[in-house]
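J.: Got a predicted model here, sequence first, then my questions.
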Amino acid sequence: MKPDILLLQAIVPALEARLAETFTPHRLYAAVDKAALLAEVGPGIRGVITGGAVGIRNEMMDALPALEIIAIHGVGTDAVDLVHARARGIRVTNTPGVLTDDVADLALGLIIATLRGIPAADRFVRAGEWEKQAAPLTRKVSGKRVGILGLGQIGLAIARRLVAFDCTVRYHSRHARTDVPYEYMTDAASLAHASDVLVLAASADQGQALVTREVLDALGAQGFFINIARGRLVDEAALIEALQQGRIAGAGLDVFANEPHVPPALLTLDNVVVLPHRGSATIETRLQMGQMVLDNLDACFGGRPLPSAVA
Ligand code: 8YV
């Protein structure tokens with residue numbers, strides 16, 4: 001009998017079709033009556049596919065008594081309680097490496113879009129404003145001092161790209177690295193103080209907000225904040241206030257505390273660029289991520305070592 005797999009998030013259609021060759025997929029993400037589907041198939045579910053930001057709540061894990069594996073379609077493991085999973089003997093896998101370039105590319109895109117005001121300029125043209133007046137000047141990207149909060153694989157890929165823009169890169173992480181040429185700052189506020197642009201690229205495993213009111217004030221009225229990591233790493237209320245009061249110059253945000261909800265106040269600000277969590281959302285990368293999910297499920301149910309186990 002094919003193992004039953006519960007999908008909390010979609011994977012690319014070609015790979016969902018491949019999934020169905022070996023497994024019996026149940027698409028909870030698309031179910032109108034999710035409770036009814038869970039009640040019907042929950043007892044037999046042996047694997048879960050979920051997204052990095054979506055994860056799985058402990059209550060749902062507990063409602064799946066036959067669960068053997070949670071395959072995260074993403075790199076972040078912060079939305080899965082790994083301790084809880086281990087205690088239940090449930091394996092957890094993710095998709096590291098394959099999305100690094102996409103997320104770093106998008107971080108650079110957001111920096112340029114935010115500092116150069118690309119979405120606002122597009123709105124300006126579409127509204128017919130160009131016929132009436134010159135668009136406002138924006139801010140230069142090349143040569144800026146950029147602080148990266150979290151210098152893991154993604155942070156490093158962002159740093160490498162910034163060097164090509166003649167930017168000075170500094171960083172703050174849980175630990176200083178001995179293998180990089182960038183200056184280490186001992187805390188987020190001193191990094192922000194030394195930066196024109198602060199990029200959040202940290203993992204959210206520890207959960208607490210790294211970007212607080214104090215950090216935003218250290219970034220200052222000429223400073224820009226970019227987030228491609230997780231919304232919950234930011235005090236969103238403090239960010240909105242800092243933007244509204246001009247205590248920072250602007251923000252480029254791909255992630256939010258309570259996705260897909262975006263605080264309406266952000267949408268009224270012209271110096272804010274908002275994206276619907278697009279970091280890894282390219283066809284090429286989603287194919288690779290989906291393939292890694294399938295490889296982990298195949299290995300799990302074939303009794304082989306898991307290619308990318310985190311628990
Ligand atoms: C995706 C992510 O949004 O990798 C992560 O942790 O947040 C993103 O790549 C998501 O996981 C897609 O399923």
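T.: Structure received.
J.: So which residue of this protein lies furthest out from the middle?
T.: Largest separation from the mean C-alpha position in the chain: residue 132, at 39.2 Å (CA atoms, centre = their mean).
J.: Could you measure from that one over to the ligand?
T.: Using CB to the nearest ligand atom, to the nearest Å, we find residue 132 at a distance of 40 Å from the ligand. Where you see a C-beta, it was placed from the backbone N, CA and C, and this is true even at glycine.
J.: quick one: that residue from residue 124, how far?
T.: Distance of residue 132 to residue 124, computed by CB to CB, to the nearest Å: 10 Å.
J.: Then residue 299?
T.: Residue 299 is 52 Å from residue 124, where distance means CB to CB.
J.: just residue 45 next, same as before
T.: To residue 124, residue 45 is 50 Å away according to CB to CB.
J.: Kindly report the same for residue 67.
T.: Relative to residue 124, and taking CB to CB, residue 67 is found at 51 Å.
J.: again, but for residue 280
T.: To residue 124, residue 280 is 30 Å away according to CB to CB.
J.: Not counting its neighbours along the chain, what's nearest the most centrally placed residue in the chain?
T.: Taking CA atoms, centre = their mean as the criterion, residue 229 is the residue nearest the geometric centre of the chain, at 4.2 Å. Residue nearest to residue 229 in three dimensions, not counting chain neighbours: residue 200, with 4.7 Å by CB to CB, 6 or more residues apart in numbering.
J.: Check that neighbour and give its pLDDT.
T.: pLDDT, residue 200: 98.
J.: mind listing what it touches?
T.: Each residue near residue 200 by CB atoms under 8 Å, 6 or more residues apart in numbering is listed here: 149-150, 210-211, 225-229, 233-234.
J.: And residue 220, by the same measure?
T.: Counting by CB under 8 Å, 6+ apart, residue 220 touches 192-193, 247-248.
J.: Quick check: of the residues you listed, which has the highest neighbour count?
T.: If you count neighbours using other CB atoms under 10 Å, the busiest of the contacts of residue 220 is residue 192, which has 27 neighbours.
J.: and that one, that one's in a helix?
T.: Yes - counting by DSSP: H, G, I helix; E, B strand; the rest coil, residue 192 is found in a helix.
J.: Next one: it relative to residue 222, how far apart?
T.: From residue 192 across to residue 222, the span is 12 Å (CB to CB).
J.: any residues touching the longest helix along the chain, and which ones?
T.: For the chain, the longest helix by residue count, based on DSSP state H, is helix 283-301. Contact with helix 283-301 is made by 3, 5, 11-12, 14-15, 18-19, 22-23, 46-47, 49, 68-69, 71-74, 91, 93, 95, 98-99, 101-102, 280, 304-309, as judged by CB under 8 Å, 6+ apart.
J.: now do stretch 303-311
T.: Residues from elsewhere that reach stretch 303-311 (CB under 8 Å, 6+ apart): 69, 72, 77, 82, 85-86, 90-96, 292, 295-296, 298-300.
J.: One more: stretch 88-103?
T.: 52, 61, 67-77, 80, 82, 85, 153-154, 157, 201, 228, 279-282, 285, 288-289, 292-293, 296, 300, 306-311.
J.: and the residues you listed near the ligand, which?
T.: For the ligand, the contacts drawn from those by CB under 6 Å from any ligand atom are 52, 73-76, 279-280.
J.: Now, the residues you listed that are in helices?
T.: Using DSSP H, none of these sit in helices.
J.: would TSV of these with neighbour count, distance to residue 110 and pLDDT be doable?
T.: As requested, these are arranged in TSV below (neighbours: other CB atoms under 10 Å; distance: CB to CB, whole Å; pLDDT from 0 to 100):
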residue	neighbour count	distance to residue 110	pLDDT
52	25	18	96
73	27	22	98
74	22	19	98
75	24	18	97
76	22	18	97
279	26	10	98
280	23	14	98
